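**Student:** the sequence and its predicted three-dimensional model are supplied below.
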Amino acid sequence: MAFLLALGIALLITPGVRKAAFKIGAIDKPDPRKVHAKIMPRMGGLAVFIAFALTVLLTQQLNDRLIGLLVGGFLIVLLGILDDTRGLPAKVKLLGQIAAAAAVIPFGIQVEFITNPLNGQMIHLGLWGIPVTIFWIISVTNAVNLIDGLDGLAGGTSFIAALTLAAVTAVTWQQANLSGGIGMQVVALALILAASILGFLRYNFYPAKIFLGDTGSMFLGYALSTLAVMGVAKAATAISVIVPMVIMGLPLLDVLFAILRRYKSHRPIFEPDKEHLHHRMMALGLSHKQTVLAIYAVNLLLGISAFLLTVMTTSQAVLLLLILTVVIIVAANKIGVIGKTPVTVAQNLQQRSSKM
């Protein structure tokens, strides 16, 4: 019922949010770094947030953690609306993200310990848990924000991540013999988030009628990272520290590769470019829609890998992580996201013709 309610709300209110975006000037104009060629309404993430928050308030029993999630979510959405309508400096956005991430701490949402995957020993963080939690939430928030470059890309990626998070949390809490209250609520929240995204994707998938905007991409990153802290990070399993990183693997890797790429070329780390994963895949000759679907497939594989990590033995999980690492490094180098310029399909054909 909650899933269907969130889906229905998102489907119903997204057209209204689209009209409101035009009225208040939340629009995205084309430029050389962007793919779209016409003015598009932004701030679509407001529809996702309203669908999520309203469904949560109507179907879930409120507690401190849930209130903290909604308070922080409201703050990050407010920050996104300001950025979508006025455009905020990077430093102001970062300060706003820190405030939203820190807002959940008084409500009991915090990484309290990490588990050493080598020996299963718990390492209690104490006060260090506060900066670790804030850093994690900000990292995922910005990762999803940066991957939002094609129609439906960030939304679809987050939809797959939310479903994976629900499945992984359910299994992790069962394996760790933890009480089901919080764990099952995180499962429900992740499914409600997935439904809210799915309803919005009806208008955001290629060709999009509205963009998530910073309102949506930051909220999705915030919600996923916070739910991961509430769910998976609370389990004392040996591999629990790795699983959230695998679930959000593609956005996080895209950020990491961007940092390495800009460092290698002696450019400012925060300087925007047109060399992210989706840009590189389109440079290889894939269409807009093909690129999005290909990235969905990669996200799905990472989601399955994250689930497998929770049901494997530690040695099996380490082997799977090693395989994933090798495959990711080889693929990233071939595609060119670390700095190597990819060869396009047209160039390949031209080279073959010249040889013949």
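**Tutor:** Alright, I've got the coordinates.
**Student:** which residues are in contact with Ile137?
**Tutor:** Listed by CB atoms under 8 Å, 6 or more residues apart in numbering, the contact set of Ile137 reads 97, 100-101, 104, 222, 225-226, 229. C-betas here are computed from N, CA, C, even on glycine.
**Student:** apart from its neighbours in sequence, what residue is nearest Leu79?
**Tutor:** Excluding the flanking residues, the one nearest Leu79 by CB to CB, 6 or more residues apart in numbering is Gly96, at 3.9 Å.
**Student:** just the helices in the chain please.
**Tutor:** 2-24, 45-59, 64-85, 90-102, 129-147, 153-175, 180-204, 213-230, 243-247, 249-264, 277-283, 288-311, 314-335, 345-355 (DSSP state H).
**Student:** surely the residue nearest to Leu79 is in contact with Val77?
**Tutor:** No: with contact defined as CB atoms under 8 Å, Gly96 does not reach Val77; the gap is 10.8 Å.
**Student:** these two: which has the busier surroundings?
**Tutor:** Val77 (24 against 19; other CB atoms under 10 Å).
**Student:** can you pull the contacts of that one?
**Tutor:** With contact set as CB under 8 Å, 6+ apart, Val77 has these partners: 45-46, 49, 215, 218-219.
**Student:** and the pLDDT for the residue nearest to Leu165 when sequence neighbours are not counted?
**Tutor:** Distances taken as CB to CB, 6+ apart put Ala190 closest to Leu165, at 4.6 Å, once the chain neighbours are dropped. With respect to pLDDT, Ala190 has a value of 95.
**Student:** for Ala190, give its distance to Lys38.
**Tutor:** 34 Å (CB to CB, to the nearest Å).
**Student:** tell me which of these two has more neighbours.
**Tutor:** Ala190 (26 against 7).
**Student:** that older thread, what would the contacts of Ile137 look like in a markdown table with distance to Ile24?
**Tutor:** A markdown table is the format used below for those (distance: CB to CB, whole Å):
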| residue | distance to Ile24 |
| --- | --- |
| Gln97 | 22 |
| Ala100 | 21 |
| Ala101 | 26 |
| Val104 | 28 |
| Tyr222 | 22 |
| Ser225 | 28 |
| Thr226 | 27 |
| Val229 | 33 |
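**Student:** from those residues, which is closest to Asp148?
**Tutor:** Nearest to Asp148 out of the contacts of Ile137 is Tyr222 (CB to CB; 13.4 Å).
**Student:** can you pull the contacts of Leu212?
**Tutor:** Leu212 neighbours (CB under 8 Å, 6+ apart): 42, 44-45, 48, 148, 154-155, 200, 204, 220.
**Student:** in a markdown table: those residues, plus pLDDT, neighbour count and distance to Gly68.
**Tutor:** A markdown table is the format used below for the contacts of Leu212 (pLDDT from 0 to 100; neighbours: other CB atoms under 10 Å; distance: CB to CB, whole Å):
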| residue | pLDDT | neighbour count | distance to Gly68 |
| --- | --- | --- | --- |
| Arg42 | 90 | 27 | 27 |
| Gly44 | 93 | 28 | 25 |
| Gly45 | 94 | 32 | 20 |
| Val48 | 97 | 34 | 19 |
| Asp148 | 83 | 25 | 25 |
| Ala154 | 90 | 27 | 24 |
| Gly155 | 93 | 29 | 24 |
| Phe200 | 96 | 29 | 24 |
| Asn204 | 92 | 26 | 28 |
| Leu220 | 95 | 33 | 18 |
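**Student:** mean pLDDT per helix and strand in this structure: which one sits at the bottom?
**Tutor:** For the chain, using mean pLDDT, DSSP states H and E, the weakest element among its helices and strands is helix 345-355, scoring a mean of 41.
**Student:** just give the closest residue to Thr215, not the sequence neighbours.
**Tutor:** Closest residue in space to Thr215, ignoring its immediate chain neighbours: Gly80 at 3.3 Å, by CB to CB, 6+ apart.
**Student:** ok, Ala21 next?
**Tutor:** Leaving aside its sequence neighbours, Ala21 sits nearest to Pro41 (CB to CB, 6+ apart; 3.6 Å).
**Student:** pretty sure that neighbour is touching Ile27, no?
**Tutor:** Yes: the criterion here is CB under 8 Å, and Pro41 meets it with Ile27 at 5.9 Å.
**Student:** what is in contact with those two at once?
**Tutor:** With CB under 8 Å, 6+ apart, Pro41 and Ile27 have common neighbours Ala21.
**Student:** residue contacts, Leu320?
**Tutor:** If you count contacts by CB under 8 Å, 6+ apart, Leu320 has them with 305, 308-309, 312.
**Student:** which one (most neighbours) among those residues?
**Tutor:** Result: Leu309 is most packed of the contacts of Leu320 (other CB under 10 Å), 26 neighbours.
**Student:** wait, what's in contact with it?
**Tutor:** Leu309 makes contacts with 239, 242-243, 246, 317, 320-321, as judged by CB under 8 Å, 6+ apart.
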